[in-house]
Every structure is written in structure tokens, then in C-alpha cells.
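> Turn this into a model:
(one chain, ligands or ions: 1)
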Amino acid sequence: MTTVEFSPAAEPLAAKLLEPAREILARYPAGRERSALLPLLHLVQTEEGYVSPGGVAFCADVLGINKAQVGAVATFYTMYKRRPTGEYLVSVCTNTLCNVLGGQEIYDELVEHLGVGHDETTADGKITLEHAECLAACDYAPVVTVNYDFTVDQATPQSAVELVEHLRQGQRPTPSRGARICSLKEMQYQLAGFADPREGAVGDGVAGAPTLRGVRLAQEHGVAVAGFDTDTPITKTKPARDESALPPRTDAADKPVEDKPAEGRIAAVAKKAATAVRTAAGAVAEKVGEHRHAGKTTDTGDVKDPEVRAAESRNPTADTPGDPPTTTPAPGNPAEEAGTASNEPAGDGKPAGDTNRGERIVTERTAEQKPADVDPNPGWQNVPRATEEEK
Ligand code: FES
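Next up, the predicted model:
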């Protein structure tokens with residue numbers, strides 16, 4: 001990283017964070033340092049507890065981008081906080097599975113107990129509460145995390161209240177699983193990509209019973225992926241593709257076309273498709289032309305628009321395009337005739353048979369609403385006209 005000229009807003013953070021910022025940037029290839037913005041924002045939160053204006057300026061100066069570009073990223077992700085946070089961020093999952101198992105009740109209980117709502121911090125600065133959309137632990141629903149670590153699995157309103165009370169009293173209770181509870185700023189250090197030297201800072205362990213429930217059920221019921229070896233080791237790198245394990249290819253799929261490069265084959269296919277389309281379009285145009293001249297379906301098939309066909313079937317004697325005009329109205333559908341006989345013709349945009357009623361309602365309402373001193377003006381009945389002086 002070349003020497004950076006920090007703006008006055010960024011200077012206080014630069015004095016503390018420049019060295020770890022350099023370390024973060026060194027992880028990225030030359031010319032791709034902008035990708036370091038995410039860990040840099042976490043680094044800012046290790047000091048500030050949120051992405052402060054100074055933090056935005058610091059990231060912008062370090063990366064040589066503008067503050068709007070930093071802000072666009074920082075405001076997109078919920079893990080970057082826009083306001084100062086408490087020592088512990090308590091997240092309650094209220095997404096579907098947790099919700100049906102009581103997530104909302106837990107959240108509501110904490111809101112009442114702490115006296116804060118979503119993304120708000122208690123007056124003692126200890127707890128920031130938030131509801132979250134799936135904390136990726138649906139198997140342990142409903143879940144509550146502290147600083148993104150799983151702290152209370154299969155939580156209840158009571159266990160959640162106990163948790164926050166311990167935290168407010170300065171205790172760090174043992175979580176249901178995973179790493180020891182730390183502060184939000186300490187967690188940001190890990191999220192920025194630095195090893196946390198605290199004892200128990202990183203949790204590990206085997207998958208629990210709720211996580212393995214699906215596997216157990218599959219085993220009990222003899223459900224398995226055909227040919228899967230349960231002793232297959234989990235590799236850290238993607239194993240090379242074993243061609244011999246693949247099913248043999250059919251001739252058609254495998255047949256090489258030596259004399260034609262791939263580009264040539266694509267062009268040949270495209271040409272063939274274009275010819276087929278032109279042929280089909282020509283056939284359709286020919287049929288439409290025949291139909292226009294004959295005014296009826298041809299013996300090679302009916303090429304009328306489906307809506308025209310439907311209208312003809314409803315009223316076979318009505319005029320259709322191409323037919324000679326009839327001089328007398330065609331007898332209609334008896335049911336329709338019975339209906340229209342009892343309904344007067346509708347005006348434009350009004351329901352059939354309601355012409356008079358609709359007009360009557362409009363007239364009555366207009367009369368009720370119209371102030372006595374306004375000019376009749378159908379579009380502006382209730383707006384008194386301005387006098388010449390007002391104008
Ligand atoms: S729905 Fe709550 S953790 Fe997934």
C-alpha cells in the first residue's frame with residue numbers, strides 16, 4: 001500500500017487501524033484491493049462499534065474510492081451497523097421456522113423486558129436488540145444469538161430474559177454450543193479476518209442431535225443415495241473429476257465433429273433453424289392470405305384467430321372480418337336477449353343496466369358536496385375558485 005493522505009475525518013481511526021488495514025489489503029492481489037472493503041468495515045467496527053462517518057472516510061481513503069461507494073456497501077449488509085451498538089448484540093430469529101416455534105414471543109418478551117425495539121440499545125449501553133431473518137440454525141429453532149454466536153438453542157421467553165440479565169450484570173454465560181461469548185467489538189476482529197487469541201474464542205465440536213435428525217431418519221428408513229460410501233473422506237480441496245466413474249457417453253453425445261470447428265457447428269444449426277422458421281412463416285402467411293380472400297376457413301385448416309372463432313360460435317350469424325355485411329341484426333343468444341331486455345343500454349364506462357342509477361348517484365353526491373358558492377365544474381366540484389385578488 002502506498003502512502004495514504006488521510007482526510008481530517010479519517011485521521012483518528014488511521015492512527016489506530018492503519019497497520020491492520022495494511023495487513024488486510026495485503027491479502028488481495030494487486031489491483032483488487034477494493035475487495036478488502038468488507039473486512040475493512042468490520043475492522044472499523046472493532047473500534048467504533050458501528051460504521052461511523054470517520055470509518056467511512058477511513059475506508060474510502062485507504063482504498064482510494066469515494067465515500068458514497070463505501071456507504072453503498074455498508075448500508076447493504078445488516079452486519080454493518082449504522083448506529084452505535086451495545087456491548088452485546090442479541091439477535092432473535094423471527095423467521096418462519098423459529099416463528100412457528102415461538103420466536104416472535106421471545107422477541108416480544110425481550111422488547112418488553114429491555115424497553116428497546118429492533119436495532120435499539122439499552123440505556124446502560126449493554127444490549128442492542130434485533131430481530132433477524134434466519135440465523136442458519138433452523139434445526140435448533142427458535143434460536144437466539146449473541147454477537148452472531150449461537151447462545152440459546154431452542155430458546156424460550158424465559159431463557160432469553162435470563163440471558164440478557166446475565167449479560168447486563170457483567171457475566172458471560174456458557175452458550176448452548178460453540179465459542180465463548182465475547183463482546184461485539186471482539187467479534188468484529190474475527191470477522192475482519194484476524195485470529196482471536198482469547199482462550200475459547202473459537203468453538204468446535206460435533207454436530208448435535210437436532211442437526212443429525214434427518215440423517216438418523218434416513219438411516220432408520222433405509223433411505224440412501226445409491227452407491228454412496230459413508231466412509232468417503234471429506235476433502236478440503238475439490239477432488240479431480242474421475243472420468244472412469246461417469247456413465248459411458250452415447251454416440252450422439254460423444255461423436256466428435258472433426259471437420260467442423262464448434263463455431264461452424266453453431267452457425268450450421270442456426271442456419272437450419274432460420275430456414276425452418278422461414279418455411280413455417282411462409283406456410284402461415286399463405287393460409288392467412290387464402291382465408292382473407294375466401295373469408296372463411298380453408299380446406300387446409302382453420303387459421304382464424306381463436307377469439308374470432310369463439311365469437312363466431314357464440315353468435316354464428318354475426319359479421320366477421322371478410323364476411324359480406326349483413327343488413328339485419330342476427331338473432332342473439334336467448335339468455336342474452338332476456339338479460340338485455342330488462343337492462344337499458346349502458347353508457348361508456350358504466351356497468352350494464354346501471355346507467356340511470358349511476359348517473360343519479362353521481363348527481364346526488366355532487367349536489368350534497370358542492371358548496372353553494374362554487375362554480376359548476378365537473379372535475380373540481382369541491383375546490384372553491386380563487387378570486388381575482390388571490391390569483
Ligand atoms: S428460521 Fe430461525 S434459524 Fe432459520
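
> Return the distance of residue 91 relative to residue 35.
Going from residue 91 to residue 35 by C-beta to C-beta, to the nearest Å gives 27 Å. Quick note: C-beta positions are derived from backbone N, CA and C, even for glycine.

> my read: residue 202 touches residue 187, true?
No: the pair residue 202 / residue 187 is not scored as a contact, 11.6 Å apart, by C-beta atoms under 8 Å.

> Tell me which of those two has more neighbours.
residue 187 (24 against 12; other C-beta atoms under 10 Å).

> Could you check how far that one is from the ligand?
18 Å (C-beta to the nearest ligand atom, to the nearest Å).

> any idea which helix or strand comes after the helix or strand hosting residue 24?
Residue 24 is located in helix 11-25, with elements delineated by DSSP states H and E. The first helix or strand that comes after helix 11-25 along the chain, using DSSP H and E, is helix 37-48.

> by how many degrees do that following helix and helix 11-25 diverge?
Using axes from the mean of the first three to the mean of the last three C-alpha atoms, to 10 degrees, one finds that helix 37-48 and helix 11-25 are set 140 degrees apart in direction.

> From the contact counts, what lies against helix 37-48?
With contacts defined as 3 or more C-beta pairs under 8 Å, 6 or more residues apart in numbering; DSSP states H and E, helix 37-48 has these neighbours: helix 11-25, helix 53-63, helix 67-74, helix 184-191.

> I'd like the mean pLDDT over the longest one, please.
Spelled out, that is helix 11-25. Taken as a whole, helix 11-25 has an average pLDDT of 96.

> now stretch 71-87
In this model, stretch 71-87 has a mean pLDDT of 96.

> Would you mark the buried spots in that stretch?
Along stretch 71-87, the positions that meet the burial threshold by neighbour count (16 or more other C-beta atoms under 10 Å) are 71, 73, 74, 80, 81, 85, 86, 87.

> circling back: neighbour count winner among residue 91 and residue 35?
The residue with more neighbours, out of residue 91 and residue 35 and counting by other C-beta under 10 Å, is residue 91; that gives 21 against 13.

> For that one, give me its contacts.
The contact partners of residue 91, taken as C-beta atoms under 8 Å, 6 or more residues apart in numbering, are 130, 131, 132, 135, 144, 145, 146, 148.

> you'd agree it is in a helix?
No: the assignment for residue 91 by DSSP: H, G, I helix; E, B strand; the rest coil gives strand, which leaves it out of any helix.

> ok, how many other residues are close to the closest residue to it other than its chain neighbours?
Nearest residue to residue 91, sequence neighbours excluded (C-beta to C-beta, 6 or more residues apart in numbering): residue 132, at 4.3 Å. By the measure other C-beta under 10 Å, the count of residues near residue 132 is 22.

> was I right about residue 132 contacting residue 89?
No: contact criterion C-beta under 8 Å: residue 132 and residue 89 do not qualify, at 9.8 Å.

> What residues does this structure have near the ligand?
For the chain, the contact set with the ligand under C-beta under 6 Å from any ligand atom comprises 93, 95, 96, 97, 98, 134, 135, 136, 137, 138, 141, 143.

> Most tightly packed of the helices and strands packed on helix 37-48?
The highest average neighbour count among the helices and strands packed on helix 37-48, using mean count of other C-beta atoms under 10 Å, belongs to helix 53-63 at a mean of 23.

> quick one: average pLDDT of that one?
The average of the pLDDT scores along helix 53-63 is 97.

> and the angle from it to helix 67-74?
Angle, helix 53-63 to helix 67-74, by the same axes, to 10 degrees: 110 degrees.

> I'd like the buried residues of stretch 71-87 laid out as TSV, including distance to residue 238.
As requested, the buried residues of stretch 71-87 are arranged in TSV below (distance: C-beta to C-beta, whole Å):
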residue	distance to residue 238
71	37
73	29
74	33
80	32
81	36
85	38
86	42
87	41
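
> Pull the residues that contact the strand or helix carrying residue 165.
Secondary structure here is read from DSSP H and E; on that basis residue 165 sits in helix 157-168. Contacting residues not belonging to helix 157-168 are listed as 87-88, 90, 92, 102, 105-106, 108-110, 113-114, 122, 124, 126-127, 144, 146, 151-152, 172-173, 181 [C-beta under 8 Å, 6+ apart].

> In PyMOL, how would I select the buried members of these?
When burial is assessed using 16+ other C-beta under 10 Å, the buried subset of the contacts of helix 157-168 is captured in PyMOL by this command:
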select buried, resi 87+88+90+92+102+105+106+109+110+113+114+122+126+127+144+146+151+152+181
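
> quick one, strands of the protein?
Secondary structure of the chain by DSSP state E: the strands cover 88-93, 120-121, 127-132, 144-146, 149-152.

> Any chance of those in CSV with distance to residue 243 as columns?
Below are the strands of the chain laid out as CSV (distance: least, C-beta to C-beta, whole Å):
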stretch, distance to residue 243
strand 88-93, 44
strand 120-121, 58
strand 127-132, 45
strand 144-146, 45
strand 149-152, 42
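
> between those strands, which gets nearest to residue 281?
Taking C-beta to C-beta as the criterion, residue 281 comes closest to strand 127-132 out of the strands of the chain, the separation being 55.5 Å.

> got the angle for that closest one vs helix 184-191?
Using the same axes, to 10 degrees: strand 127-132 against helix 184-191 is 50 degrees.

> Much appreciated, bye for now.
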